[in-house]
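# using only what follows, build the 3D model:
(chains A and B)
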2 protein chains.
Amino acid sequence: MKALAGFRELYPEEALRRGVILSTWRRVARCYGFEEYDGPTLEPLDLYSKKNAGGEEILGQLYRFEDGGGRQVALRPEMTPSLARMAASKEKHYRKPMKWFAIGNFFRFERQQRGRLREFIQLNCDILGDAGPDADAELVAFAIDAMRGFGLRSEDFVVRLSHRKAWTSFLEAHGLSGKQIPGVLQIVDKLERDAPEVLEEKLTAVGLSLSQVKDFIKGPPPPELHHVIGNLTSRGLGDFFEVDLSIVRGLAYYTGLVFEVFDRSKSLRALAGGGRYDALVSGLSDGAVDLPAVGFGMGDVVLGNFISEVPHAEALMQTRLAEARALDVYVIVADEARRPEALRVIQSLRDAGLTTDAGLSPSKVGKQFQAAELAHAKFAVVVGSEWPSLKVKRMATRAESEVPYGELAEWLKNPQA
Amino acid sequence: MKALAGFRELYPEEALRRGVILSTWRRVARCYGFEEYDGPTLEPLDLYSKKNAGGEEILGQLYRFEDGGGRQVALRPEMTPSLARMAASKEKHYRKPMKWFAIGNFFRFERQQRGRLREFIQLNCDILGDAGPDADAELVAFAIDAMRGFGLRSEDFVVRLSHRKAWTSFLEAHGLSGKQIPGVLQIVDKLERDAPEVLEEKLTAVGLSLSQVKDFIKGPPPPELHHVIGNLTSRGLGDFFEVDLSIVRGLAYYTGLVFEVFDRSKSLRALAGGGRYDALVSGLSDGAVDLPAVGFGMGDVVLGNFISEVPHAEALMQTRLAEARALDVYVIVADEARRPEALRVIQSLRDAGLTTDAGLSPSKVGKQFQAAELAHAKFAVVVGSEWPSLKVKRMATRAESEVPYGELAEWLKNPQA
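Modelled structure (predicted):
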């Protein structure tokens, strides 16, 4: 029997890697003063099918079914609709801006390909209750530092900034109506995927040409982005972003800044993406709550692949994995008659907060030393004829000491030479 | 629009509490030398309906449906079947015993009541590849220390130990066949819930009486538990457990030790439970892999309720919440013309690993100090006329210093008096 295709079984090696990714995200989020929240994994289907929430594409990828009580439900494909509902119902309790993040698992019934799974983990960060470009910049800075937290540098990745309002101005100046704009943005979203003839035909149908669109994209940074650019430059993050108006984002709810994070070689999918969605909370609350917001999501799958391909990032990952794996003490039972004393020693070391392991059943001392090494133990503590003292061996140097039982935990926390 | 009944929206206060629970579990698991793993949230339905995996009750509580590819799938109601499959397929790669833990979300379509949700988080710990009672004891010791990790004491909770083999011996001695035993254990499992007449009737039908069963439960600890009791006592954990043969556990796959953790007043459901399941891996691998195992699960819902009801545990929780919430620095912009310098300061402090926040838009200095206090900041750093030096205020004492920008991060990491 096997797991479903597109779903991961994380054995300890892989789970430890994912653990480093998640704890790095949490550390950077805390550094920025973001607070963690979480929502349900299973939601009413309505949350995603309601106007403005998500888009056509995401609806086709939902894991949806009827539950035992006859309710139409769906596994969450993204966090933003749940967040918008939560924020709308309790926003009065929180000072603005609300800087919130979540780390959770999400589900999309997608065709399988590299970097895409049907269940994945995503970091979601949002700033709610502030409509200004400084909030946009704070969020983009966080996305940059989330990448830098893995040792990734400006030569490795870049944030591509764009703005839906700049597109709206451009399209309106070319005679398009507000109703036509979402359709045109869908065309622009496929600029790198569709054939030029297809694009030209689609654009001609709405009175535009491909060269007009390309000229706009190649043009100077639009005024809508000036403030964000200035803010990020003041922070010293000027090397980490560029303006790229070809970014429009697939989801229907964006209203302002939009951005994506790419590896410089563009060999992978976007590493993260997000933008401003000032109307979503209002839409989901039927106009009851007006809460401007900007947010982004970063998945663990593409990021994990990317880290492993960048040597200095992978080296940092290896250092962190080694730290996470290290065991303080492995207790060796040299005389099986002393197992009760060994159990007492093990318990006292764990009580002192030292990570401690030992074999569960009798085996030769040499085998136990081997197990200590395979467990990456810093010290081996031997329970044997020295009792009530213990032989302590530093695994790296093989240096030995004899330490009385009552002083052992303290000694190991502040080992001599 | 609302979340589904039985599913949680965790706002930052609640998410922070859950974060403390999860990080405590991880800390204790690491202390015991357990390694983390994870499996898919969605699984083939077969995994749970197959013989020996789970039981009738859990099958009736599954969230099950047909996915877009016509596969029968279910949201995981527990971890053990996924673990057994993972262990069976790769056990050759790992030294024995494998000490593995997972923290994940699980789903059961249950009637709603206190301490029961339809989605919950559970810690799962298992020792695989060791059939001996020392492995049983190591696992029970971990369950005890997982509780002690929250400041809970022997007067607050107790582990109730029992053994399926002791029941088998007793029932066989009273003439029951192996085929009858699972049915009798189902009756025993409801000893505290069903009426005496109902129990008597059910037991009489298989040739037993309620008093025979009660006498067995009240009798001396069975020999099957002697070794585990000795091991736990050697560790100094004698106050944390008692023998209680009324524990049999509902799941079908247990074969040896079974145990549950209860609050001493028994006012809540079991806080944790588990046992030995030596045949499950073999069953799920169609006999290909024989891997004895013992494990337990501990949910976050009942535990969270319990902690809040025990004053010394709640006090420890509050201390940890305060630590998790604390911010190192709040940056105050006293002169809006200095915002670019303030952004540089913020970035440099975050780069140095200090948790740092600031207002995103202009506001009065008094308001900003108030925000610093509400954010639990240790220091306020004022960017104003002193630039390129900064005024630093320790929030607790209001003591002020002036520090040059280039020395600020170091100063804050090692603050003077």
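# going forward, measure contacts between C-alpha atoms and count neighbours the same way
OK.
# and residue A:195, how many neighbours?
10 (other Cα atoms under 10 Å in any protein chain shown).
# just the terminal-to-terminal distance for stretch A:196-214.
In stretch A:196-214, first residue to last residue: 11 Å (Cα to Cα, to the nearest Å).
# quick one, phi/psi of residue A:406?
Per-residue torsions, residue A:406: phi -70, psi -20 (degrees, to the nearest 10).
# now the residue in the stretch 151-300 of chain A that chain B sits nearest to: closest residue in space that isn't a chain neighbour?
Residue of the stretch 151-300 of chain A nearest chain B, by Cα to the nearest Cα: residue A:235 (4.6 Å). If the residues on either side of it in the chain are set aside, residue A:235 comes closest to residue B:344, at 4.6 Å by Cα to Cα, 6 or more residues apart in numbering or on different chains.
# so which other helices or strands are in contact with the host helix or strand of that neighbour?
Secondary structure assigned from DSSP states H and E places residue B:344 in helix B:339-351. Packing partners of helix B:339-351 (3 or more Cα pairs under 8 Å, 6 or more residues apart in numbering or on different chains; DSSP states H and E): helix A:226-234, strand B:327-333, strand B:356-358, helix B:408-413.
# looking at these, which is buried most?
By mean neighbour count, with neighbours taken as mean count of other Cα atoms under 10 Å in any protein chain shown, strand B:327-333 ranks first of the helices and strands packed on helix B:339-351 at a mean of 26.
# and it, which strands flank it?
Applying DSSP bridges to the sheet, strand B:327-333 is found paired with strand B:356-358 (parallel), strand B:377-383 (parallel).
# so how far is that strand off the chain centroid?
Centroid separation for strand B:327-333 versus its chain: 35 Å, with Cα atoms, centre = their mean, to the nearest Å.
# so what angle separates the directions of it and helix B:339-351?
Going by axes from the mean of the first three to the mean of the last three Cα atoms, to 10 degrees, strand B:327-333 is angled at 170 degrees with respect to helix B:339-351.
# the residue nearest to residue A:235: how many residues sit nearby?
By other Cα under 10 Å, neighbour count at residue B:344 equals 19.
# surely it meets residue A:233?
No. At 9.1 Å, residue B:344 does not count as touching residue A:233 under the criterion of Cα atoms under 8 Å.
# the stretch 251-400 of chain A against chain B: which residues are in contact?
A:284-285, A:327, A:340-341, A:343-347, A:350, A:353-357, A:360-361 (Cα under 8 Å from any Cα of the partner chain).
# now the angle between helix B:339-351 and the helix ranked longest in chain A, please.
Secondary structure of chain A per DSSP state H: the longest helix is helix A:12-31. Calculated by the same axes, to 10 degrees, helix A:12-31 forms an angle of 150 degrees with helix B:339-351.
# and the very next helix or strand once past helix A:12-31, what does it pack against?
As assigned by DSSP H and E, the chain's next helix or strand after helix A:12-31 is strand A:35-36. Counting contacts by 3+ Cα pairs under 8 Å, 6+ apart, strand A:35-36 packs against strand A:98-107, helix B:12-31.
# buried ones in the longest one?
Just to be clear, that refers to helix B:12-31. Going by neighbour count (16 or more other Cα atoms under 10 Å in any protein chain shown), the buried part of helix B:12-31 is B:12, B:15-22, B:24-31.
# follow-up on the earlier one: so what's the residue nearest to residue A:235 up against?
Residues near residue B:344 by Cα atoms under 8 Å, 6 or more residues apart in numbering or on different chains: A:234, A:235, A:236.
# from the residues of the stretch 251-400 of chain A next to chain B, list the buried ones, please.
A:284-285, A:327, A:340-341, A:343-347, A:350, A:353-357, A:360.
# just give the closest residue to residue A:359, not the sequence neighbours.
Residue A:359 sits nearest to residue A:368 (Cα to Cα, 6+ apart), 7.0 Å away.
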